[in-house]
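Peer 1: sharing a model prediction with you, sequence too.
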Amino acid sequence: MNETDHPVPSKDSCTLALVVHLLAILTGFLGPLVIYLIKKEEDEFVRFHSLQATYFMLIGILFAIVTCGIGAIVLIVFNIIAMIRAMNGEWYRYPLAGNWAAR
C-alpha cells in the first residue's frame, strides 16, 4: 500500500500522531502502545503511527542496550523526524520496523 492509497488525515489525527512519537521518546514503547489500544478502531492514521512507534521502540531499546546507550541518540533523532512527518500528515515508516508495523 502506498501513500496515495491512504486517506488524508485530519489536523487532530496529525496532532495525536505527533503526541504518539513524543510519548515514544518519554515512555519507550508503552505510550504508543496505550494510544494504539485506545485509538486502533477510530483513526487509521493514529493507529499506523502508534504501531510504527511501538515496533521501532521495541527494536530500538534493544539497539540502545547493545550499543551501551549510544543508540538512544539515534532513537531520539528518528522520533523527532517521525514527529515532524506526522504533523505534516505523512505516513512515515521508521527504518527497520516500518514494514512490520504497516497495518
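Peer 2: Perfect, thanks for sending it. All values reported here derive from a predicted model rather than from experimental measurement.

Peer 1: which residues of the protein score low on pLDDT?
Peer 2: 1-4, 98, 100-103 (pLDDT under 70).

Peer 1: the longest helix in it is where?
Peer 2: helix 44-66 (DSSP state H).

Peer 1: what residues are up against L33?
Peer 2: S50, T54 (Cβ atoms under 8 Å, 6 or more residues apart in numbering). (C-beta placed from N, C-alpha, C; glycine too.)

Peer 1: which strand or helix spans it?
Peer 2: helix 30-39 (DSSP states H and E).

Peer 1: next: V77.
Peer 2: Using DSSP H and E, V77 falls in helix 71-87.

Peer 1: find the residue at the geometric middle of the chain.
Peer 2: With distances taken as Cα atoms, centre = their mean, the residue of the chain nearest its centroid is A53 (2.8 Å).

Peer 1: can you give me the distance of it to L96?
Peer 2: 13 Å (Cβ to Cβ, to the nearest Å).

Peer 1: ditto for S13
Peer 2: Per Cβ to Cβ, S13 is found 24 Å from L96.

Peer 1: so between these two, which is more surrounded?
Peer 2: When neighbours are counted by other Cβ atoms under 10 Å, S13 and L96 differ, and S13 comes out ahead with 22 against 13.

Peer 1: mind checking the SS state of the residue of the chain positioned farthest from its centre?
Peer 2: Using Cα atoms, centre = their mean, the residue of the chain lying farthest from its centre is C68. It sits 23.1 Å away. Put simply, C68 is coil when judged by DSSP: H, G, I helix; E, B strand; the rest coil.
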